[in-house]
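# what follows is a protein structure lacking sequence information:
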(Lines give C-alpha, C1' and ligand atoms only; values in the text may rest on other atoms or scores of the structure.)
Protein backbone atom coordinates (compact mmCIF):
# COMPACT_ATOMS: atom_id res chain seq x y z
CA UNK A 1 0.00 0.00 0.00
CA UNK A 2 1.31 3.40 -0.94
CA UNK A 3 2.05 5.68 1.99
CA UNK A 4 -0.12 8.81 1.83
CA UNK A 5 2.83 10.92 2.91
CA UNK A 6 5.24 9.85 0.20
CA UNK A 7 7.71 12.03 -1.64
CA UNK A 8 5.12 13.30 -4.11
CA UNK A 9 2.75 14.30 -1.32
CA UNK A 10 5.50 16.14 0.54
CA UNK A 11 6.51 18.07 -2.56
CA UNK A 12 3.00 19.08 -3.55
CA UNK A 13 1.73 22.61 -2.97
CA UNK A 14 -1.80 23.63 -2.10
CA UNK A 15 -3.63 26.24 -4.20
CA UNK A 16 -3.57 28.66 -1.26
CA UNK A 17 0.18 28.24 -0.78
CA UNK A 18 0.89 28.74 -4.47
CA UNK A 19 -1.28 31.87 -4.52
CA UNK A 20 1.06 33.28 -1.85
CA UNK A 21 4.09 32.35 -3.94
CA UNK A 22 2.62 34.16 -6.96
CA UNK A 23 1.94 37.23 -4.84
CA UNK A 24 5.52 37.28 -3.53
CA UNK A 25 6.82 37.05 -7.11
CA UNK A 26 4.60 39.97 -8.13
CA UNK A 27 5.82 42.13 -5.24
CA UNK A 28 9.46 41.29 -6.00
CA UNK A 29 9.08 42.20 -9.66
CA UNK A 30 7.39 45.48 -8.74
CA UNK A 31 10.18 46.35 -6.28
CA UNK A 32 12.93 45.77 -8.84
CA UNK A 33 11.21 48.20 -11.21
CA UNK A 34 11.40 50.86 -8.52
CA UNK A 35 15.04 50.16 -7.61
CA UNK A 36 15.92 50.28 -11.31
CA UNK A 37 14.29 53.70 -11.53
CA UNK A 38 16.30 54.80 -8.49
CA UNK A 39 19.51 53.76 -10.25
CA UNK A 40 18.70 55.92 -13.21
CA UNK A 41 17.48 58.93 -11.27
CA UNK A 42 20.52 58.88 -9.00
CA UNK A 43 22.74 59.15 -12.08
CA UNK A 44 24.11 55.63 -11.52
CA UNK A 45 23.04 54.10 -14.82
CA UNK A 46 26.68 53.86 -15.88
CA UNK A 47 28.03 53.35 -12.37
CA UNK A 48 29.30 50.06 -13.74
CA UNK A 49 30.20 50.82 -17.37
CA UNK A 50 30.57 47.15 -18.32
CA UNK A 51 28.38 44.08 -17.90
CA UNK A 52 28.05 41.59 -16.24
CA UNK A 53 31.14 42.66 -14.24
CA UNK A 54 31.82 46.12 -12.83
CA UNK A 55 35.02 47.78 -14.07
CA UNK A 56 36.17 44.29 -14.94
CA UNK A 57 35.81 43.11 -11.35
CA UNK A 58 33.56 40.52 -9.79
CA UNK A 59 32.52 43.05 -7.13
CA UNK A 60 31.91 46.76 -7.55
CA UNK A 61 34.55 49.21 -6.29
CA UNK A 62 33.63 51.29 -3.23
CA UNK A 63 32.23 54.18 -5.21
CA UNK A 64 28.67 55.39 -4.66
CA UNK A 65 27.32 55.10 -8.21
CA UNK A 66 29.06 51.77 -8.80
CA UNK A 67 27.65 50.33 -5.55
CA UNK A 68 24.13 51.55 -6.38
CA UNK A 69 24.21 50.05 -9.87
CA UNK A 70 25.78 46.77 -8.76
CA UNK A 71 23.37 46.39 -5.84
CA UNK A 72 20.48 46.69 -8.28
CA UNK A 73 22.05 43.91 -10.37
CA UNK A 74 22.29 41.68 -7.30
CA UNK A 75 18.68 42.42 -6.39
CA UNK A 76 17.70 41.53 -9.95
CA UNK A 77 19.37 38.17 -9.42
CA UNK A 78 17.31 37.56 -6.27
CA UNK A 79 14.14 38.54 -8.13
CA UNK A 80 15.18 36.10 -10.84
CA UNK A 81 15.39 33.32 -8.25
CA UNK A 82 11.93 34.26 -6.97
CA UNK A 83 10.58 34.05 -10.51
CA UNK A 84 12.23 30.68 -11.07
CA UNK A 85 10.70 29.44 -7.81
CA UNK A 86 7.25 30.54 -8.96
CA UNK A 87 7.76 28.71 -12.26
CA UNK A 88 9.02 25.48 -10.66
CA UNK A 89 6.42 25.43 -7.91
CA UNK A 90 3.65 25.85 -10.49
CA UNK A 91 4.38 22.25 -11.52
CA UNK A 92 4.12 21.08 -7.91
CA UNK A 93 0.75 22.73 -7.31
CA UNK A 94 -2.06 20.28 -6.81
CA UNK A 95 -4.24 20.18 -8.71
CA UNK A 96 -1.88 21.08 -11.54
CA UNK A 97 -3.03 23.88 -13.84
CA UNK A 98 -1.40 24.43 -17.19
CA UNK A 99 -2.52 28.08 -17.38
CA UNK A 100 -0.62 28.92 -14.19
CA UNK A 101 2.44 26.98 -15.33
CA UNK A 102 2.52 28.89 -18.62
CA UNK A 103 2.19 32.30 -16.95
CA UNK A 104 4.77 31.40 -14.31
CA UNK A 105 7.24 30.30 -16.99
CA UNK A 106 7.05 33.78 -18.51
CA UNK A 107 8.45 35.36 -15.34
CA UNK A 108 12.00 33.96 -15.36
CA UNK A 109 12.12 34.35 -19.15
CA UNK A 110 11.16 37.99 -18.71
CA UNK A 111 13.77 38.55 -15.99
CA UNK A 112 16.42 36.94 -18.20
CA UNK A 113 15.42 39.16 -21.11
CA UNK A 114 15.62 42.16 -18.76
CA UNK A 115 19.14 41.20 -17.71
CA UNK A 116 20.30 40.87 -21.32
CA UNK A 117 18.59 44.10 -22.36
CA UNK A 118 20.06 45.84 -19.33
CA UNK A 119 23.53 44.72 -20.36
CA UNK A 120 23.01 45.96 -23.91
CA UNK A 121 21.68 49.26 -22.56
CA UNK A 122 24.84 49.77 -20.50
CA UNK A 123 27.11 48.86 -23.41
CA UNK A 124 25.20 51.31 -25.61
CA UNK A 125 25.77 54.04 -23.01
CA UNK A 126 22.10 54.39 -22.12
CA UNK A 127 20.77 55.18 -25.56
CA UNK A 128 17.16 56.40 -25.12
CA UNK A 129 15.57 53.64 -27.18
CA UNK A 130 17.17 50.91 -25.07
CA UNK A 131 16.32 52.65 -21.79
CA UNK A 132 12.69 53.06 -22.83
CA UNK A 133 12.53 49.43 -23.98
CA UNK A 134 13.98 48.32 -20.64
CA UNK A 135 11.19 50.02 -18.69
CA UNK A 136 8.57 48.89 -21.20
CA UNK A 137 9.66 45.28 -20.79
CA UNK A 138 9.28 45.68 -17.02
CA UNK A 139 5.66 46.71 -17.53
CA UNK A 140 5.05 43.67 -19.75
CA UNK A 141 6.53 41.36 -17.12
CA UNK A 142 4.16 42.89 -14.58
CA UNK A 143 1.26 41.95 -16.89
CA UNK A 144 2.23 38.29 -16.59
CA UNK A 145 2.89 38.59 -12.85
CA UNK A 146 -0.48 40.25 -12.11
CA UNK A 147 -2.27 37.68 -14.28
CA UNK A 148 -0.52 34.85 -12.42
CA UNK A 149 -1.30 36.27 -8.97
CA UNK A 150 -4.92 36.90 -9.95
CA UNK A 151 -5.60 33.53 -11.57
CA UNK A 152 -3.87 31.66 -8.73
CA UNK A 153 -6.52 33.04 -6.38
CA UNK A 154 -9.38 31.31 -8.18
CA UNK A 155 -10.10 27.83 -9.41
CA UNK A 156 -11.45 27.51 -12.98
CA UNK A 157 -15.16 28.33 -13.02
CA UNK A 158 -15.13 29.86 -9.54
CA UNK A 159 -15.79 33.36 -10.88
CA UNK A 160 -18.89 34.07 -12.97
CA UNK A 161 -18.49 35.13 -16.59
CA UNK A 162 -19.28 38.77 -17.32
CA UNK A 163 -22.54 39.42 -19.16
CA UNK A 164 -22.33 43.22 -19.46
CA UNK A 165 -20.30 43.61 -22.65
CA UNK A 166 -20.34 47.42 -22.61
CA UNK A 167 -18.93 47.65 -19.08
CA UNK A 168 -16.30 44.98 -19.71
CA UNK A 169 -15.04 46.51 -22.95
CA UNK A 170 -15.06 50.00 -21.41
CA UNK A 171 -12.67 48.77 -18.72
CA UNK A 172 -10.51 46.95 -21.26
CA UNK A 173 -10.30 50.10 -23.41
CA UNK A 174 -8.41 51.81 -20.58
CA UNK A 175 -5.49 49.39 -20.98
CA UNK A 176 -4.04 50.62 -24.32
CA UNK A 177 -4.58 54.23 -23.19
CA UNK A 178 -2.67 53.50 -20.00
CA UNK A 179 0.14 51.85 -21.96
CA UNK A 180 0.37 54.89 -24.24
CA UNK A 181 0.52 57.20 -21.22
CA UNK A 182 3.45 55.24 -19.77
CA UNK A 183 5.25 55.11 -23.11
CA UNK A 184 5.08 58.88 -23.60
CA UNK A 185 6.16 59.30 -19.98
CA UNK A 186 9.32 57.27 -20.63
CA UNK A 187 10.00 59.50 -23.64
CA UNK A 188 9.75 62.58 -21.41
CA UNK A 189 12.19 61.04 -18.95
CA UNK A 190 14.57 60.04 -21.74
CA UNK A 191 14.62 63.64 -22.93
CA UNK A 192 15.03 65.10 -19.44
CA UNK A 193 17.86 65.74 -17.04
CA UNK A 194 17.71 62.25 -15.51
CA UNK A 195 18.89 60.20 -18.47
CA UNK A 196 20.83 57.88 -16.16
CA UNK A 197 24.44 59.04 -16.18
CA UNK A 198 26.40 60.91 -13.53
CA UNK A 199 27.86 64.38 -14.00
CA UNK A 200 30.59 64.48 -16.62
CA UNK A 201 29.44 61.39 -18.51
CA UNK A 202 28.26 61.76 -22.09
CA UNK A 203 24.69 60.49 -22.23
CA UNK A 204 22.53 60.35 -25.33
CA UNK A 205 19.19 61.99 -24.62
CA UNK A 206 16.07 61.94 -26.73
CA UNK A 207 16.28 65.05 -28.93
CA UNK A 208 14.19 64.54 -32.06
CA UNK A 209 12.91 68.12 -31.65
CA UNK A 210 16.22 69.62 -30.60
CA UNK A 211 16.24 71.59 -27.36
CA UNK A 212 12.44 71.64 -27.35
CA UNK A 213 12.11 67.85 -27.11
CA UNK A 214 11.69 67.75 -23.32
CA UNK A 215 9.04 70.45 -23.20
CA UNK A 216 7.14 68.86 -26.10
CA UNK A 217 7.26 65.38 -24.54
CA UNK A 218 6.13 66.66 -21.14
CA UNK A 219 3.12 68.43 -22.61
CA UNK A 220 2.13 65.42 -24.73
CA UNK A 221 2.43 63.20 -21.67
CA UNK A 222 0.27 65.61 -19.66
CA UNK A 223 -2.43 65.69 -22.34
CA UNK A 224 -2.58 61.90 -22.68
CA UNK A 225 -2.53 61.45 -18.89
CA UNK A 226 -5.44 63.91 -18.57
CA UNK A 227 -7.36 61.96 -21.22
CA UNK A 228 -6.61 58.77 -19.30
CA UNK A 229 -7.98 60.31 -16.11
CA UNK A 230 -11.17 61.53 -17.79
CA UNK A 231 -11.69 58.13 -19.42
CA UNK A 232 -11.28 56.41 -16.05
CA UNK A 233 -13.85 58.74 -14.47
CA UNK A 234 -16.28 57.99 -17.31
CA UNK A 235 -15.79 54.24 -16.85
CA UNK A 236 -16.36 54.56 -13.09
CA UNK A 237 -19.63 56.44 -13.67
CA UNK A 238 -20.69 53.83 -16.24
CA UNK A 239 -19.99 50.99 -13.81
CA UNK A 240 -22.03 52.64 -11.07
CA UNK A 241 -24.99 53.20 -13.38
CA UNK A 242 -24.88 49.63 -14.63
CA UNK A 243 -24.45 48.28 -11.11
CA UNK A 244 -21.23 46.45 -11.81
CA UNK A 245 -19.75 44.13 -9.20
CA UNK A 246 -18.28 45.63 -6.05
CA UNK A 247 -14.76 44.33 -6.67
CA UNK A 248 -14.61 45.88 -10.13
CA UNK A 249 -15.89 49.23 -8.89
CA UNK A 250 -13.38 49.15 -6.04
CA UNK A 251 -10.53 48.42 -8.46
CA UNK A 252 -11.51 51.35 -10.69
CA UNK A 253 -11.84 53.62 -7.64
CA UNK A 254 -8.28 52.71 -6.59
CA UNK A 255 -7.09 53.44 -10.12
CA UNK A 256 -8.82 56.84 -10.03
CA UNK A 257 -7.16 57.69 -6.73
CA UNK A 258 -3.71 56.81 -8.07
CA UNK A 259 -4.29 58.79 -11.27
CA UNK A 260 -5.37 61.83 -9.26
CA UNK A 261 -2.28 61.53 -7.06
CA UNK A 262 -0.13 61.13 -10.16
CA UNK A 263 -1.55 64.33 -11.60
CA UNK A 264 -0.64 66.28 -8.46
CA UNK A 265 2.87 64.81 -8.41
CA UNK A 266 3.35 65.59 -12.10
CA UNK A 267 2.36 69.22 -11.58
CA UNK A 268 4.68 69.56 -8.56
CA UNK A 269 7.69 68.02 -10.29
CA UNK A 270 7.21 70.27 -13.32
CA UNK A 271 6.89 73.37 -11.15
CA UNK A 272 10.05 72.43 -9.23
CA UNK A 273 12.00 71.69 -12.46
CA UNK A 274 12.05 67.88 -12.15
CA UNK A 275 13.92 67.10 -8.91
CA UNK A 276 15.08 63.47 -8.97
CA UNK A 277 13.32 62.51 -5.74
CA UNK A 278 9.89 63.63 -6.96
CA UNK A 279 10.47 62.07 -10.37
CA UNK A 280 11.15 58.77 -8.58
CA UNK A 281 7.87 59.09 -6.66
CA UNK A 282 6.19 59.77 -10.01
CA UNK A 283 7.61 56.49 -11.35
CA UNK A 284 6.48 54.63 -8.21
CA UNK A 285 2.89 55.85 -8.53
CA UNK A 286 2.93 55.17 -12.29
CA UNK A 287 3.91 51.55 -11.63
CA UNK A 288 1.20 51.20 -8.97
CA UNK A 289 -1.36 52.74 -11.34
CA UNK A 290 -0.34 50.27 -14.07
CA UNK A 291 -0.85 47.34 -11.70
CA UNK A 292 -4.18 48.80 -10.57
CA UNK A 293 -5.23 49.05 -14.21
CA UNK A 294 -4.33 45.39 -14.74
CA UNK A 295 -6.37 44.58 -11.62
CA UNK A 296 -9.34 46.42 -13.17
CA UNK A 297 -9.10 44.39 -16.37
CA UNK A 298 -8.85 41.15 -14.40
CA UNK A 299 -11.81 42.09 -12.19
CA UNK A 300 -13.89 42.89 -15.28
CA UNK A 301 -13.64 39.18 -16.06
CA UNK A 302 -14.10 37.09 -19.15
CA UNK A 303 -17.20 37.63 -21.22
CA UNK A 304 -19.81 34.93 -21.48
CA UNK A 305 -20.45 33.80 -25.07
CA UNK A 306 -23.00 36.08 -26.75
CA UNK A 307 -25.18 33.12 -27.74
CA UNK A 308 -25.57 32.15 -24.08
CA UNK A 309 -26.28 35.72 -22.97
CA UNK A 310 -29.14 35.84 -25.50
CA UNK A 311 -30.52 32.64 -23.94
CA UNK A 312 -30.35 33.12 -20.14
CA UNK A 313 -31.99 29.74 -19.61
CA UNK A 314 -28.83 28.12 -21.04
CA UNK A 315 -26.36 30.05 -18.87
CA UNK A 316 -24.54 28.17 -16.09
CA UNK A 317 -25.92 28.94 -12.65
CA UNK A 318 -22.84 30.91 -11.51
CA UNK A 319 -23.10 33.14 -14.60
CA UNK A 320 -26.79 33.86 -14.05
CA UNK A 321 -26.00 35.01 -10.49
CA UNK A 322 -23.67 37.74 -11.83
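Right, received. Where do you want to start? Predicted model only: the values in this text are computed from it and were never measured.
# just the helices from the stretch 51-200 of the chain, written as ranges.
64-90, 98-123, 128-152, 165-191 (DSSP state H, counting those that start in this stretch).
# how near is residue 127 to residue 174?
As judged by CB to CB, to the nearest Å, residue 127 and residue 174 stand 31 Å apart. (Each C-beta comes from the backbone N, C-alpha and C, glycine too.)
# check residue 103 too.
In this view, residue 103 and residue 174 are 22 Å apart by CB to CB.
# between these two, who's got more neighbours?
A direct count of neighbours by other CB atoms under 10 Å for residue 103 and residue 174 places residue 103 higher, at 24 against 21.
# ok, and the closest non-adjacent residue to that one?
For residue 103, ignoring the flanking residues on the chain, the nearest one in space by CB to CB, 6 or more residues apart in numbering is residue 148 at 4.2 Å.
# now do residue 220
Nearest non-adjacent residue to residue 220, counting by CB to CB, 6+ apart: residue 184, 5.5 Å away.
# residues contacting the one you found?
Applying CB atoms under 8 Å, 6 or more residues apart in numbering to residue 184 gives the contacts 217, 220, 221, 224.
# filter the residues you listed down to the buried ones and hand me the PyMOL line.
Buried members of the contacts of residue 184, defined by 16 or more other CB atoms under 10 Å, are picked up in PyMOL with:
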select buried, resi 217+221+224
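# return the subset of the contacts of residue 184 lying in strands.
Using DSSP state E, no member of the contacts of residue 184 falls within strands.
# closest one of the contacts of residue 184 to residue 273?
Proximity of the contacts of residue 184 to residue 273 (CB to CB) peaks at residue 217, which lies at 15.2 Å.
# return the set of buried residues in stretch 147-166.
147-153, 159-164.
# check stretch 74-86 too.
For stretch 74-86, the neighbour count (16+ other CB under 10 Å) marks 76, 79, 80, 82, 83, 84, 85, 86 as buried.
# okay, now the domains of the chain?
8-156, 159-322 (automatic domain parsing).
# now do the last one, average pLDDT.
Read that as domain 159-322. For domain 159-322, mean pLDDT is 86.
# relative to the whole chain's centre, how far out is it?
Relative to the centre of its chain, domain 159-322 is centred 11 Å away, using CA atoms, centre = their mean, to the nearest Å.
# again with stretch 13-24
Distance, stretch centre to chain centre, for stretch 13-24: 19 Å (CA atoms, centre = their mean).
# pLDDT (mean, whole number) over it?
Mean pLDDT, computed over stretch 13-24, is 96.
# what does stretch 102-120 contact?
By CB under 8 Å, 6+ apart, stretch 102-120 touches 22, 25, 29, 51-52, 73, 76, 79-80, 83-84, 86-87, 89-90, 130, 133-134, 137-138, 140-141, 144-145, 147-148, 151.
# mind checking how far residue 216 is from residue 267?
Remark: distance between residue 216 and residue 267 (CB to CB) = 18 Å.
# which one's more surrounded, these two?
Applying other CB under 10 Å to residue 216 and residue 267 shows that residue 216 carries more neighbours, namely 15 against 11.
# OK, contacts around that one?
Residues near residue 216 by CB under 8 Å, 6+ apart: residue 209.
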